[in-house]
Structures are given as structure tokens and as C-alpha cells.
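Trainee: have a look at this fold, sequence not included:
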């Protein structure tokens, strides 16, 4: 069975690319489930209920978040409504939403999805390693197929989580930095790993944002408002193939598609 995971979706261009490419990727790879990180989907910062529904209607099955989970206040209560949305499980206890779930794939296969966030160069949160241990005790009662979205800044922290989970989950896939890495591999214990899946967002940009505004901030140190870039998108993701019985990954395929027509689907909002 296969699992398709897309990198951070950035703004309106990224949502348009999701609507255009997820049906094509589904047809090509026939995944049991499609997962995408959506913490930058609303104007490049956060997620709204309307945009969450838009992405889910485009063919994504589960949306994960990260450090911008609370950027749009209207998403807060919605996290308690739709179980297809996940926020990092190692956020402080008592916050809205959930950090993991078990979902039914296209053929009825049960797939666990865990959303974690790193601590290096990020806000203080609970230890993602120990939180992951506790979650696996619960998820493994339901399925051995488990995908972890490790939303983190430091490559060392992502790699450490991959090795810590090696043999215990199907995949540990890094998000957050929007730059796809080329270190995809299946670790010796059967866990697929990549340091960063990349992004679904404008190619001619700085991490999906307008280059002129980002450069201006570097030059002046003035905190100007960033805006999502325009134009054709890069569609980054991975396809993980796993053994149904053991949950071990058999392969991981990196996806890097460049959008050739940026006007194929009409998507509302920022």
C-alpha cells in the first residue's frame, strides 16, 4: 500500500496546485491516504475552516499543522470539530484539537498519523520524543502503519526523531523549512525518512513568499509584512510504500513537480 504526503501548502497558489495535482497524483500512485501540511495555507500563515474544507475537497484526507497553528483564531474551535485536522501533539495539554488519529484508507486499511513539532529554534513545547512514545502505545493497538509529520527547524532534531522511531513507525517525514531535501531513504528498521518533504507553493520565491519583501527585511531588519508570491508552483511530496502486515516501509519516492500552467483552477481567498 502507498501513502502520499505533500509538503507545506503555501497560500492561494499552493491551494490551487493541490486542487490541480492531487487528482493526478492519486491516479498515478493510487495511495491509500493523502496527507498535507497546511499551516501556511491561509495567506502564508495559518489555516481557516473554509480553507481546510477547500483542501479536503481537493482530495487531501488529513491536514497537519505546526508552529502557525493558531495564527488564524477562527481555526481554534474548528480543530475540535473535524478530526481530519491535526495540530502538534506535544503542544501543552488542554489545547483544542488533537495531535494524532487513526484513519481509514481507500481500501479500509487503518493508518495512524502523528503530528509533532520540534523544540530547537522553535517555541517551548513538550518533549516530542516522549510524547511520541506515549502515542505509539495507543496507536499500535489499532494499526502498525504510522506516519509521523515532524515539523521542525533543525535537521538534527528531525534526523534524531527518524532514528528514534526507526522500526516503530512506517515513516518520519520532516516539514516546516519548505526546502525539499534529497536524503530520502528507508532506515534499517523499516522506517522511511526524509529531512524535509518541501512545499507546495510558488517556485520563484523565498519559501513561498515574495522575494523583494524578504530581501528588504534582511537588508533593513525592519519587520515588514510578508506576502505570498505568485506564479507557477513547485509541488513537493513523497510516496511511501509499506507492507500491510508489518507496517514497515518498502520504499520512499520523492516527488518534485513544477507547475506549467498557473491558471488551471480558480481558488478563492488569499
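Mentor: Received, thanks. Keep in mind that this is a model prediction, so the values were computed, not measured. Numbering: from 1, shown residues only.
Trainee: residue 172 falls within a helix, correct?
Mentor: No: read with DSSP: H, G, I helix; E, B strand; the rest coil, residue 172 is strand and lies in no helix.
Trainee: how far does stretch 190-207 stretch from one end to the other?
Mentor: Stretch 190-207 has an end-to-end distance of 31 Å (CA to CA, to the nearest Å).
Trainee: from the chain's centre, how far out does it sit?
Mentor: Here stretch 190-207 is found 9 Å from its chain centre; the criterion is CA atoms, centre = their mean, to the nearest Å.
Trainee: list the contacts of the closest residue in space to residue 110 that isn't next to it in sequence.
Mentor: Closest residue to residue 110 apart from its sequence neighbours, by CB to CB, 6 or more residues apart in numbering: residue 143 at 4.0 Å. Every residue, glycine included, has its C-beta placed from N, CA and C. Contact partners of residue 143, counting by CB atoms under 8 Å, 6 or more residues apart in numbering, are 102, 109, 110, 111, 112, 247.
Trainee: just the element for residue 143, please.
Mentor: Under DSSP states H and E, no helix or strand contains residue 143.
Trainee: among the contacts of residue 143, which one lies nearest to residue 135?
Mentor: Closest to residue 135 out of the contacts of residue 143 is residue 112 (8.3 Å), distances taken as CB to CB.
Trainee: would you confirm that that closest one contacts residue 137?
Mentor: No: using CB atoms under 8 Å, residue 112 is not in contact with residue 137, being 11.8 Å away.
Trainee: neighbour-wise, which of the two wins?
Mentor: residue 112 (23 against 8; other CB atoms under 10 Å).
Trainee: model confidence score at that one, please.
Mentor: Residue 112 is assigned 98 on the pLDDT scale.
Trainee: that one belongs to a strand?
Mentor: Yes: the assignment for residue 112 by three-state DSSP puts it in a strand.
Trainee: check contacts around it.
Mentor: Applying CB under 8 Å, 6+ apart, we find residue 112 in contact with 100, 101, 102, 103, 139, 142, 143, 145, 146, 147, 169.
Trainee: per-residue confidence for the last one?
Mentor: Right, residue 169. pLDDT recorded at residue 169 is 98.
Trainee: quick one: contacts for the closest residue to it other than its chain neighbours?
Mentor: Spatial nearest neighbour of residue 169, excluding adjacent residues (CB to CB, 6+ apart): residue 146 at 4.1 Å. The neighbours of residue 146, taking CB under 8 Å, 6+ apart as the test, are 111, 112, 113, 114, 136, 139, 140, 168, 169, 170, 171, 247.
Trainee: give me the buried entries from these.
Mentor: Buried members of the contacts of residue 146, counted by 16 or more other CB atoms under 10 Å: 111, 112, 113, 114, 136, 139, 168, 169, 170, 171, 247.
Trainee: could you pull out the strands for this structure?
Mentor: Assigned by DSSP state E, the chain shows strands spanning 2-6, 8-9, 33-37, 62-64, 100-104, 110-117, 146-151, 171-175, 185-186, 192-194, 199-202, 233-242, 249-258.
Trainee: nearest to residue 125, out of these?
Mentor: When the strands of the chain are compared by CB to CB, strand 110-117 sits nearest residue 125, at 5.9 Å.
Trainee: which neighbours in the sheet does the closest one have, and how are they oriented?
Mentor: In the sheet, strand 110-117 lines up against strand 100-104 (antiparallel), strand 146-151 (parallel) (DSSP bridges).
Trainee: measure how that strand sits relative to strand 2-6, angle-wise.
Mentor: Angle of strand 110-117 versus strand 2-6, following axes from the mean of the first three to the mean of the last three CA atoms, to 10 degrees, is 30 degrees.
Trainee: all set now, cheers.
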